[in-house]
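Chemist: Fold the following.
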Amino acid sequence: MDASMNNKPKVKIRINSSLILRWLVKLAAFITVGVLASLIIYILIMGIPNLTPDLFAWKYTSDNGSVTPAIINTLIMVVLTLIMAVPIGIGSAIYMVEYAKKGNKLVKVVRITTETLSGIPSIVYGLFGYLCFCVALNLNYSLLAGALTLAIMVLPSIMRTTEEALISVPDSFREGSFGLGAGKLRTVFKVVLPSAIPGILAGVILAIGRIVGETAALIFTAGTVAKVPESVFGSGRTIAVHMYQLFNEGLSMEKGYGTGVVLLVLVLLINGLSNLVGKKLSKDK
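Modeler: Just a heads-up that it's a prediction; the model follows:
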């Protein structure tokens, strides 16, 4: 009897690994969307009831906690930073992909440098910006000092995304342009760059998001003055710094939640506008 039982065929359980991986990927996507949705819902529930007309007054006072000067300073900061970072980042990526020879030691050094800069905490950038721009260059607390610091912060992401976008352009595009008699410069600006616009714009959008949400670096460089300065050499707080100050003081928590809603809407508007510009440029190329 024992021998007959041992001779029974064993049932093998087959595990479909592809099915398990598929459900794990779906679970990861669901968790990501769930976390994002929960954050947005929490901010809206806590902030919308506190959106009052006083919050959008032209001048800030301790009573109204106006966010209008901070919004204007944020837009100025975004424009100044992109003016300095985008040309340098895109130009560096063009050199590394289109002009530098394979195995160029300078390209290796630049890539190692950008990867290192990407991992540096923002507080370190703030201290560097304070010592270099505010003290050494005598810019003091100013929007210009903050923009210079943020330009260094977002430069690595713009360079790497632009480099990947240029690499993804098929070589047949370049060969076809050369075959029609176009030179290197014309090929890069008329053929390669228009094809890489979506990837480049993705890097710019990421840079804008970091600029808008940055606090630590700007507290040490741009300052926390709650007004619109007369020039870029004056001090002013961005909307993220403004929200941090409200929560840090602990006296205007309601206005802080309202500011969080404004910050969320501002980020969504900037990203939406950037996507529209990218689609427009892609259609016109």
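
Chemist: right, and A70 touches Q245 too?
Modeler: No: here A70 does not reach Q245: they are 9.4 Å apart, not a contact under CB atoms under 8 Å. From N, CA and C alone the C-beta is placed, and that goes for glycine too.

Chemist: what touches both of those two?
Modeler: A226, R237 (CB atoms under 8 Å, 6 or more residues apart in numbering).

Chemist: okay, the two: which has more neighbours?
Modeler: Using other CB atoms under 10 Å as the criterion, A70 and Q245 rank with A70 on top: 27 against 19.

Chemist: Just give the nearest non-adjacent residue to the more buried one, would you?
Modeler: Nearest residue to A70 in three dimensions, chain neighbours excluded: H242, at 3.8 Å (CB to CB, 6 or more residues apart in numbering).

Chemist: Determine how far the host helix or strand of L263 lies from the middle of the whole chain.
Modeler: The secondary structure element spanning L263 is helix 253-284 (assigned by DSSP states H and E). On the basis of CA atoms, centre = their mean, to the nearest Å, helix 253-284 sits 12 Å off its chain's mean C-alpha point.

Chemist: Count the neighbours of A147 for me.
Modeler: Count around A147 with other CB under 10 Å applied: 26.

Chemist: Apart from its neighbours in sequence, what residue is nearest it?
Modeler: L80 (3.6 Å).

Chemist: Equivalent analysis for L44, please.
Modeler: Going by CB to CB, 6+ apart, L44 has V261 as its nearest residue, at 6.3 Å.

Chemist: Next: P229.
Modeler: Nearest one to P229, counting by CB to CB, 6+ apart, is G236 at 4.8 Å.

Chemist: so that neighbour makes contact with V228?
Modeler: Yes: if you go by CB under 8 Å, G236 and V228 touch, sitting 6.2 Å apart.

Chemist: So those two - more neighbours on which side?
Modeler: In this view G236 and V228 are compared by other CB under 10 Å, and G236 has more residues nearby, 28 against 18.

Chemist: Cheers, nothing more for now.
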